[in-house]
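# Kindly return the folded structure for what I paste below:
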Amino acid sequence: MTNAYEGRPVEILLVEDNAGDVRLAREGLRECKLLNNLSVADDGVKAMAFLRREGEHAHAPRPDLIMLDLNLPRKDGREVLKEIKEDEKLKQIPVVILTTSKAEEDIVKSYSLHANCYVTKPLAIEQFIEVVQAIETFWFTIVKLPPR
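Residues are numbered from 1 along each chain as shown. Take a look at the predicted model:
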């Protein structure tokens with residue numbers, strides 16, 4: 001797989017409060033041929049602090065991709081998505097909704113808030129890992145992203 005990032009790892013922010021899903025995403029990304037760094041925020045408030053480089057996140061890397069769960073503590077994923085897409089410094093970062101929700105209203109709302117795609121988490125472990133790998137492959141080897 002070619003890395004369009006000239007030897008530097010791709011930066012991925014996973015916003016997910018389920019430790020099991022974080023572990024599976026980490027495993028899936030570790031098995032990818034593409035060099036990557038995964039940062040994790042377990043709630044929406046921490047995610048926005050990370051993205052805005054506030055407090056302990058002052059030196060956080062700017063993500064090349066955000067994988068965002070909708071159902072989060074403190075600030076849910078819909079609010080996080082809205083804030084990202086309204087922020088001039090953040091709105092170009094692709095946001096993949098990765099959630100258990102199959103509700104049509106969540107899908108419609110996510111796209112209306114400018115999510116770049118909506119993926120429902122599969123229940124089987126192997127499929128979840130494959131989905132995470134497919135997301136990375138698609139966004140970093142097929143899609144042409146704007147420069148950082």
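
# wouldn't Asp69 be in contact with Ser101 here?
No - the pair Asp69 / Ser101 is not scored as a contact, 9.1 Å apart, by C-beta atoms under 8 Å. Heads up, the C-betas are built off the backbone N, CA and C, glycines and all.

# of those two, who's got more company?
The residue with more neighbours, out of Asp69 and Ser101, is Asp69; 25 against 17, by other C-beta atoms under 10 Å.

# Can you show me the strands along this structure?
Under the criterion DSSP state E, strands of the chain are mapped to 10-15, 36-41, 65-68, 95-99, 117-120.

# need the contact list for the residue nearest the centre of the chain.
The residue lying closest to the centre of the chain (C-alpha atoms, centre = their mean) is Met67, at 1.5 Å. Residues near Met67 by C-beta atoms under 8 Å, 6 or more residues apart in numbering: Ile12, Leu13, Leu14, Val15, Glu16, Ala25, Val96, Leu98, Val132, Ile135.

# Please indicate which of these has the highest neighbour count?
Within these, most neighbours by other C-beta under 10 Å means Val15, with 29 neighbours.
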